[in-house]
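Dropping a prediction and its sequence here:
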Amino acid sequence: MEARREAVIEQVSAVSRRLAPDAPEEAIATQVASQVDTWLAGLREGGEAQLEATQRAFIGRTRAAGMPGQLVLTMIEAMRASLLDEALELLDEGVPGAADGVRRVMRIAQRVVEVYDAAFRKHAQALEKKGRILRELTDNSPDGILFADRDGVMTYVNPSINASLGHDVMGSNLADIVDPPEMIAEIARQVTAKGKWDGPIRLVRADGTTKRHRMVAFRVNDAKGELLVRCGILRDLTEEERAEEDRQRLRERIIAAQDEALRELSTPLMPLAEGVLAMPIVGAIDEARAQQILEALLEGIGQHGAEHVIIDITGVRGVDAQVAGALVQAAQAARLLGAEVVLTGIRAAVAQTLMELGADLGSMVTRSTLQAGVAHALAKRKGARR
């Protein structure tokens with residue numbers, strides 16, 4: 001019986017090695033020997049239930065190990081044929097019980113194939129279900145998803161990509177839709193080196209225009225590390241760019257409104273009495289602010305019909321030639337509109353600076369405090385009425 005066992009093991013191992021030349025020979029020999037012993041045990045009375053349980057465990061292990069289903073089925077068929085041959089030889093030799101052994105081998109073979117079919121059918125159904133779910137996910141994803149072979153030819157593109165580009169790009173080369181096409185080689189190089197690439201990319205639409213996308217590119221390899229497929233996930237940035245432009249325009253409007261408010265606050269013009277306006281100035285005066293002061297002053301004089309304008313510089317940080325020139329210009333422009341300018345808040349240091357600069361303040365009245373300037377303007381106003 002041992003000789004027959006070794007003969008069956010050798011026959012089945014030979015078939016298995018042809019189907020899986022890369023598999024370790026020791027692993028195949030161990031699996032085959034275990035299965036042959038199980039089958040031989042099944043030839044005896046009462047061994048069928050043990051054989052079925054053992055086969056279920058064997059099929060479960062092979063599936064978990066990723067062994068091809070065709071290889072498992074071929075091993076089962078090879079063992080069935082070899083054991084049937086041995087049983088027929090025993091029958092020819094007139095060994096008692098050989099006929100029952102032949103029938104038992106046939107029943108065992110049928111049962112094992114049924115176990116195999118049930119196990120791998122269930123596995124295939126699970127894979128099909130998973131594949132269907134993945135197809136639905138990719139087909140309905142708002143992001144673009146594509147697969148490409150090693151030559152860059154797209155073997156799958158989901159509807160989002162076609163909708164974004166305005167035509168079906170299935171079967172096209174990646175270089176045909178990327179601008180510039182040389183970018184594909186650089187992306188492939190980085191994916192090979194780092195495993196993934198993530199960055200902005202421009203894709204060419206059907207009308208020749210381009211759209212900006214963000215792409216995550218990676219590759220899927222087989223067990224040997226060889227490329228199976230190139231994958232890309234793309235997000236159309238058109239809406240994001242439009243939203244960013246809207247945000248930028250809103251920021252610009254807000255800044256403009258703030259600037260206008262600051263200009264009004266930095267050049268306040270307050271009516272004190274009929275024909276009398278006051279403009280207290282605080283902070284530094286540069287060229288832009290000097291222009292604002294002049295514009296606000298002239299507009300206020302025209303709007304209120306002012307005859308006296310008090311410019312208080314108590315809060316001005318420093319007076320230089322630019323500030324002095326702005327004050328003189330304001331006074332001259334006000335005089336042209338028939339208004340008198342009263343300059344108040346001149347401290348001793350400011351007066352000395354004005355003298356050193358040779359500022360011509362002859363066209364305006366000066367007072368030390370805003371209160372004194374108001375009193376002067378009101379007195380002039382009262383005298384004019386008399």
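Ah, there it is. Numbering: from 1, shown residues only.

Near the nearest residue to P181 once chain neighbours are set aside, how many other residues are there?
Once flanking residues are discounted, P181 sits nearest to A175: 3.9 Å by C-beta to C-beta, 6 or more residues apart in numbering. All C-beta atoms are positioned from the backbone trio N, CA, C, and that covers glycine. The burial count assigned to A175 is 16, neighbours taken as other C-beta atoms under 10 Å.

Would you confirm that A175 belongs to a helix?
Yes: judged by DSSP: H, G, I helix; E, B strand; the rest coil, A175 forms part of a helix.

hang on, isn't it packed against E186?
No: the criterion here is C-beta atoms under 8 Å, and A175 misses it with E186 at 11.9 Å.

which residues touch the residue nearest to P181?
Residues near A175 by C-beta atoms under 8 Å, 6 or more residues apart in numbering: G152, P181, I184.

between those residues, which is closest to D37?
Of all the contacts of A175, D37 sits closest to G152, with 52.1 Å by C-beta to C-beta.

Enumerate every residue touching that closest one.
Contact partners of G152, counting by C-beta under 8 Å, 6+ apart, are N173, L174, A175, I184, R230.

on that earlier part again, for the residue nearest to P181, give its distance to L203.
Distance, A175 to L203, by C-beta to C-beta, to the nearest Å: 12 Å.

The strand or helix carrying L327 packs against which elements?
Using DSSP states H and E, L327 falls within helix 321-336. When contacts are defined as 3 or more C-beta pairs under 8 Å, 6 or more residues apart in numbering; DSSP states H and E, helix 321-336 sits against helix 287-304, strand 308-316, strand 340-344, helix 348-357.

what about the strands in this structure?
For the chain, the strands defined by DSSP state E cover 144-148, 154-157, 178-179, 196-204, 210-221, 227-236, 270-273, 276-283, 308-316, 340-344, 365-367.

Format the ones you listed as a markdown table; extra columns: distance to Q110 and mean pLDDT.
Listed next are the strands of the chain as a markdown table, based on distance: least, C-beta to C-beta, whole Å; pLDDT from 0 to 100:
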| stretch | distance to Q110 | mean pLDDT |
| --- | --- | --- |
| strand 144-148 | 42 | 94 |
| strand 154-157 | 41 | 94 |
| strand 178-179 | 57 | 93 |
| strand 196-204 | 50 | 94 |
| strand 210-221 | 40 | 93 |
| strand 227-236 | 38 | 92 |
| strand 270-273 | 107 | 86 |
| strand 276-283 | 101 | 84 |
| strand 308-316 | 106 | 86 |
| strand 340-344 | 116 | 89 |
| strand 365-367 | 121 | 85 |
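
What does the residue lying closest to G305 once chain neighbours are set aside show for phi and psi?
Take G305 and drop its neighbours on the chain: the residue closest to it by C-beta to C-beta, 6+ apart is G275, 6.6 Å away. When quoted as degrees, to the nearest 10, the phi and psi of G275 stand at phi 80, psi 0.

Next: the one 10 residues further on.
Note on I285: backbone dihedrals following degrees, to the nearest 10 are phi -120, psi 120.

gap between it and E274?
Distance, I285 to E274, by C-beta to C-beta: 29 Å.

which of these two has more neighbours?
Shown here are I285 and E274; by other C-beta under 10 Å, I285 has more neighbours (23 against 11).

pLDDT value on the more buried one, please?
I285 is assigned a predicted lDDT (pLDDT) of 74.

Please apply the same query to P96.
Per-residue confidence (pLDDT) for P96: 71.

Count residues in the vicinity of it, would you?
For P96, the neighbour count with other C-beta under 10 Å is 8.

tell me the contacts of it?
Counting by C-beta under 8 Å, 6+ apart, P96 has no contacts.

could you measure it against A7, distance?
22 Å.

same question, E89
Using C-beta to C-beta, we find E89 at a distance of 10 Å from A7.

Then P268?
Relative to A7, P268 is positioned 111 Å away (C-beta to C-beta).

swap in L269?
According to C-beta to C-beta, L269 and A7 sit 115 Å apart.

again, but for R235
Applying C-beta to C-beta to R235 and A7 gives a distance of 63 Å.

between those two, who's got more neighbours?
Legend: neighbour count by other C-beta under 10 Å for R235 and A7, higher for R235 (17 against 14).

mind listing what the more buried one touches?
The contact partners of R235, taken as C-beta under 8 Å, 6+ apart, are D143, G144, H213, R214, M215.

so which of those comes closest to V323?
Of all the contacts of R235, R214 has the smallest distance to V323: 52.7 Å, by C-beta to C-beta.

What about that closest one, how many residues nearby?
For R214, the number of neighbouring residues by other C-beta under 10 Å comes to 15.

how much space between it and N162?
Distance of R214 to N162, given as C-beta to C-beta: 18 Å.

and what of G300?
Using C-beta to C-beta, one gets 64 Å for the distance from G300 to N162.

Give the residue from the two that has the larger number of neighbours.
Using other C-beta under 10 Å as the criterion, G300 and N162 rank with G300 on top: 22 against 15.

wait, the more buried one sits on L277?
Yes: G300 is in contact with L277 according to C-beta under 8 Å; the separation is 5.4 Å.
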